[in-house]
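A.B. asks: I'd like to go over a predicted model; first the sequence, then the structure.
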Amino acid sequence: MPQIVTVGETMAAFTPGSTGFLRYVKNYEMRIAGAESNLAIGVSKLGHSAGWISCLGRDEFGEFVRNSIRAEGVDTSRVVFDPDYRTGIMFKQVRNASETSVFYYRENSAASHMHPRILDEDYLAQADVIHLTGITPVLGDSCRETVLAAMDLAGKHKKLISFDPNIRRKLWKDRDFVPMLRDMMFRAHIVLLGADEAEALLGVSEAGRIMDLLFEKGQARYVAVKDGARGAVVGDRDGLAAIPPFPCASIDPVGAGDAFNAAFLCGILEGRDVADCGRMGAVAGALATETYGDTEGYPSMEQMETAMKGEDIIYR
């Protein structure tokens, strides 16, 4: 059974064959995109087992998504194919190396109709970590109920809950989900968030203060505050450590946060100290930015070990 299980929507993602406004793009490549499946793939690439739970449409896009995730070694045996709703899709628009826009066509998708009945209690009970994000619960009432049910089951079986608020304002529309995401974050044992998200959810931006709040008011045992090219600060109840960015040649930042999360969780599974977990996250996040696509640049276990030893990664 998987060591890490995650729940959330993955879409078929169309990436343009050229930069510029999509109105001028003629060719696209189909990939997949979903924060939770990104993490599961990152975990699998690092030699640990991961399972992904979701709903997909009973359509060709759904088959493509499931097959793509399964091909990376992730267990997809608990994926449900829904005959009544379609698989969500999205389009990327790349203006230049530093400006990427995303257009979602996920309303009324199969995943937006996820419900607690898709959760296999025995399956979750055998995992070490249940990883959830703030994307899924804003997709609809049944999705919120599914995330809360997953948290309840994790609590019942004394499993670690990992949570990344992963704020997506486009999905919020005119609603305020801050109280809900803050409550979920306080229930998590591992909190993985961006510095800007901490400001939005907690009203503070200084890493030490963020951790104080999460350790005092919540159940957090490990916290990582990610700040992109500026690195990260990670901590547990014994202290915190500043993690410098790992050198890279970035061309696409999408997926970097999920890569960081995957490696950080793998470090916890391996019993590493929190600073080493953070360094693993920095390596994975940096390498993720060196390719187009969410997961194509995620490191293997061999690449991670090489980078953690301070050695150069030899490609040829």
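C.D. replies: Thanks, I have the structure now.
A.B. asks: quick one: Tyr104 is in a strand?
C.D. replies: Yes - according to DSSP: H, G, I helix; E, B strand; the rest coil, Tyr104 belongs to a strand.
A.B. asks: for the nearest residue to it once chain neighbours are set aside, which three-state class applies?
C.D. replies: Closest residue to Tyr104 apart from its sequence neighbours, by C-beta to C-beta, 6 or more residues apart in numbering: Met90 at 5.0 Å. For glycine as for every other residue, the C-beta is placed from the backbone atoms N, C-alpha and C. Look at Met90: counting by three-state DSSP, its state is strand.
A.B. asks: Met90 is in contact with Ser101, isn't it?
C.D. replies: No - the criterion here is C-beta atoms under 8 Å, and Met90 misses it with Ser101 at 10.5 Å.
A.B. asks: which of the two has more neighbours?
C.D. replies: Per other C-beta atoms under 10 Å, whichever of Met90 and Ser101 has more neighbours is Met90, with 18 against 12.
A.B. asks: is that one in a bridge, and if so with what?
C.D. replies: Ala13, Tyr104 (DSSP bridges).
A.B. asks: tell me the contacts of it?
C.D. replies: By C-beta atoms under 8 Å, 6 or more residues apart in numbering, Met90 lies in contact with 11-14, 33, 102-106.
A.B. asks: just the buried ones from the residues you listed?
C.D. replies: Buried members of the contacts of Met90, counted by 16 or more other C-beta atoms under 10 Å: 11-14, 33, 106.
A.B. asks: report the two of the residues you listed separated the most.
C.D. replies: Greatest spacing in these, by C-beta to C-beta: Phe14 and Arg106 (12.9 Å).
A.B. asks: which residues are common contacts for these two?
C.D. replies: In contact with both Phe14 and Arg106: 89-90, using C-beta under 8 Å, 6+ apart.
A.B. asks: Asn27 reaches Gly17, doesn't it?
C.D. replies: Yes - with contacts counted by C-beta under 8 Å, Asn27 reaches Gly17, the gap being 3.6 Å.
A.B. asks: can you pull the pLDDT of the nearest residue to Glu9 once chain neighbours are set aside?
C.D. replies: Nearest residue to Glu9, sequence neighbours excluded (C-beta to C-beta, 6+ apart): Ala111, at 3.4 Å. Reported pLDDT at Ala111 in the predicted model: 98.
A.B. asks: kindly report the same for Glu311.
C.D. replies: Reported pLDDT for Glu311: 68.
A.B. asks: do the one 3 residues further on as well
C.D. replies: At Ile314 the predicted local distance difference test score is 55.
A.B. asks: swap in Val94?
C.D. replies: Val94 is assigned a predicted lDDT (pLDDT) of 86.
A.B. asks: quick one: the strands in the stretch 51-200 of the chain, in order.
C.D. replies: Under the criterion DSSP state E, counting those that start in this stretch, the stretch 51-200 of the chain contains strands at 55-57, 80-82, 89-96, 99-105, 129-133, 160-164, 190-194.
A.B. asks: sheet partners, orientation included, of the fifth one?
C.D. replies: It refers to strand 129-133. For strand 129-133, the paired strands and their directions (DSSP bridges) are strand 4-7 (parallel), strand 160-164 (parallel).
A.B. asks: ranking those strands by burial, who's on top?
C.D. replies: strand 4-7 (a mean of 28; mean count of other C-beta atoms under 10 Å).
A.B. asks: mind listing residues that contact that one?
C.D. replies: Residues contacting strand 4-7 (C-beta under 8 Å, 6+ apart): 36-37, 39-40, 43, 48-54, 114, 119, 123-124, 127-132, 136, 146-147, 150, 162, 265, 269.
A.B. asks: what do you get for stretch 109-125?
C.D. replies: Stretch 109-125 is contacted from outside by 1, 5, 7-11, 51, 53-57, 62, 78, 80-82, 84-88, 106, 130, 136, 139-140, 142-143, 145-146, 149-150, 153-154, 157, 159, using C-beta under 8 Å, 6+ apart.
A.B. asks: now those: which count as buried?
C.D. replies: For the contacts of stretch 109-125, a burial check counting by 16+ other C-beta under 10 Å picks out 5, 7-11, 51, 53-57, 62, 78, 80, 82, 85-88, 106, 130, 136, 139-140, 142-143, 146, 149-150, 153-154, 159.
A.B. asks: compute the number of surrounding residues for the residue nearest to Glu9.
C.D. replies: Applying other C-beta under 10 Å, we find 28 residues neighbouring Ala111.
A.B. asks: fine by me, thanks again.
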